[in-house]
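Trainee: Predicted structure and sequence below. I'll ask about it afterward.
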Amino acid sequence: MELKYIPKTSLNAWLAKVKDSGRQLYAPVAENGKTNFKRVSSVDEISMGHVQTAQSAKGVAFPRTEKLFSYARQQGSVTLQDYDPNALPSTVVFGLHPCDAAAFKPLSGIFGWDTQDKPFSERMQRVTLVSLSCSKCDAFCFCTSVGGSPGNADGSDILLTAVSDEGYLVEIVTDKGKSLIEPHAALFEAAPEVSKAELLAHVEVKFSVDEVERKIADAFESDVWKRQSARCMGCGACAFVCPACACFDVQENAKGAAGDRIRCWDSCGFALFTLHTSGHNPRGTQSQRWRQRLLHKFSYMPRRLAVRGCTGCGRCSRACPVDMNLSEHLKELESIHRTS
């Protein structure tokens, strides 16, 4: 890993050059009291004072809605317009936190564990992630409880850490990151001697994730799911803000003899998610759906993909309209008896 330093006065100049090179630039933008990732036309739009954006950055590789292919029927034949990866732009995402960057690993595991998902993999090849270490946190953050940290470089191509009000330590993690810096090397300086750990937010460890994963595997019939889900409305807010959730539905947008096949976000917390045409629903109660959500993230994915489906960003707890707090629920799971 190569280290550099960039003064704050040079950072905007570098981002402007990156955008002017023909790449799309996505970054946090503050609007109407919320900060979210948005394609920016000017680096002056970028906001960096937030603890966390409302939405994650996963939409750059897994959009909320995406056309998979189009078709048209005419005189007994069908014309198909398949997914065109050449139409995808090169994109730089700036200012995402380490918990967001790390989430692209479980997403990649889900979309590539048997057959590579073409739209996701093609988008990921064209995306460069320039992350920003966390210098502050709030009560909902728990990245350190699931193996992360406020300065975790996993998943990032470049990681910036604020050294002072004057500039940033630059960790060049991948070849993608190196290629983003090399054309503008004059803007970067030699890295100073600093203790990175002292520059980061202190995120308290709230539970043992190893103990959670050990207990949860044997808790399928536990009453804990009914207790925890008693307030759950099944609104899906937690899934839609989660950087690692990958549930989707495929729908038809048809008009006459032509149409599009559309992929769109879905949630295992929705009552319709597993509803059969017969009317039978194998997960007919909210407690069963809540159980599936946590087992998927902390049991099924670790066993099948060797990665957890949670990076501790805390968005689900911030977004929940009935104040369900995931870290508190995981702490309860840590303490349950294996036979409960």
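Mentor: Ah, there it is.

Trainee: helix/strand/coil for the residue nearest the centre of the chain?
Mentor: In the chain, the centroid-proximal residue (Cα atoms, centre = their mean) is residue 243; its distance is 2.2 Å. Per DSSP: H, G, I helix; E, B strand; the rest coil, the secondary structure class of residue 243 is coil.

Trainee: Sketch out the helices for the stretch 201-340 of the chain, chain order is fine.
Mentor: Assigned by DSSP state H, counting those that start in this stretch, the helices in the stretch 201-340 of the chain fall at 209-216, 224-229, 237-241, 286-295, 301-305, 315-319, 326-335.

Trainee: Tally up the residues packed near residue 205, please.
Mentor: The number of residues packed near residue 205 is 11, by other Cβ atoms under 10 Å. Placement of C-beta: from N, CA and C, glycine included.

Trainee: wait, what's in contact with it?
Mentor: 142, 144, 145 (Cβ atoms under 8 Å, 6 or more residues apart in numbering).

Trainee: The same query, at a cut-off of 10 Å, please.
Mentor: 142, 143, 144, 145, 146 (Cβ atoms under 10 Å, 6 or more residues apart in numbering).

Trainee: Next: residue 232.
Mentor: By Cβ under 10 Å, 6+ apart, the neighbours of residue 232 are 238, 269, 286, 287, 289, 290, 293, 320, 322, 324.

Trainee: For those residues, work out which two are farthest apart.
Mentor: The span of the contacts of residue 232, defined through Cβ to Cβ, is set by 287 and 320 at 16.1 Å.

Trainee: hang on, the earlier thing: roughly how far does the residue nearest to the centre of the chain sit from residue 211?
Mentor: To residue 211, residue 243 is 24 Å away according to Cβ to Cβ, to the nearest Å.

Trainee: Over to residue 136?
Mentor: 28 Å.

Trainee: Residue 106 touches residue 300, doesn't it?
Mentor: No: using Cβ atoms under 10 Å, residue 106 makes no contact with residue 300, being 11.3 Å away.

Trainee: any idea whether residue 56 is helix, strand or coil?
Mentor: coil.

Trainee: nearest spatial neighbour of it, skipping sequence neighbours?
Mentor: residue 243 (3.4 Å; Cβ to Cβ, 6 or more residues apart in numbering).

Trainee: How about residue 219?
Mentor: Leaving aside its sequence neighbours, residue 219 sits nearest to residue 336 (Cβ to Cβ, 6+ apart; 6.3 Å).

Trainee: can you check residue 104 too?
Mentor: residue 155 (5.1 Å).

Trainee: can you count the residues close to that neighbour?
Mentor: Using other Cβ under 10 Å, residue 155 has 25 other residues around it.

Trainee: ditto for residue 118
Mentor: 13.

Trainee: Model confidence score at the residue nearest to it when sequence neighbours are not counted, please.
Mentor: In this structure, residue 118 finds its nearest non-sequential neighbour in residue 83, 5.9 Å apart by Cβ to Cβ, 6+ apart. Per-residue pLDDT puts residue 83 at 86.

Trainee: Alpha carbons only: can I get the longest helix along the chain in CSV?
Mentor: Assignment by DSSP state H gives helix 8-20 as the longest helix of the chain. Coordinates of the C-alpha atoms in helix 8-20 are reproduced here as CSV (Å, rounded to 0.1, in the frame of the first residue of the first chain):
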residue,chain,number,x,y,z
LYS,A,8,-7.1,20.3,1.3
THR,A,9,-6.5,23.1,-1.3
SER,A,10,-5.4,20.4,-3.8
LEU,A,11,-8.2,18.0,-3.1
ASN,A,12,-10.9,19.9,-5.0
ALA,A,13,-8.5,20.5,-7.8
TRP,A,14,-7.9,16.7,-8.1
LEU,A,15,-11.6,15.8,-8.0
ALA,A,16,-12.3,18.4,-10.6
LYS,A,17,-9.6,16.9,-12.9
VAL,A,18,-11.1,13.4,-12.3
LYS,A,19,-14.5,14.6,-13.3
ASP,A,20,-13.2,16.5,-16.3
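
Trainee: change the start of the numbering to 534 and stick with it
Mentor: Okay, residue one is now 534; in that scheme the one you just asked about reads as helix 541-553.

Trainee: Kindly indicate which of the contacts of residue 738 lies nearest residue 544.
Mentor: Nearest member of those to residue 544, counting by Cβ to Cβ, is residue 676, at 24.1 Å.

Trainee: how near is residue 831 to residue 746?
Mentor: 5 Å.

Trainee: Between these two, which contacts overlap?
Mentor: Contacts common to residue 831 and residue 746, judged by Cβ under 10 Å, 6+ apart, are 841, 863, 866.

Trainee: which of the residues you listed has the most neighbours?
Mentor: Neighbour-wise, the shared contacts of residue 831 and residue 746 (other Cβ under 10 Å) top out at residue 863, 27 neighbours.

Trainee: ok, it touching residue 752?
Mentor: No: the pair residue 863 and residue 752 does not pass the contact test of Cβ under 10 Å, sitting 11.9 Å apart.

Trainee: Spit out the residues that contact those two alike.
Mentor: Common contacts of residue 863 and residue 752 (Cβ under 10 Å, 6+ apart): 745, 827.

Trainee: thinking again about what came up before, ok, the residue nearest to residue 752 touching residue 740?
Mentor: No: using Cβ under 10 Å, residue 869 is not in contact with residue 740, being 11.8 Å away.
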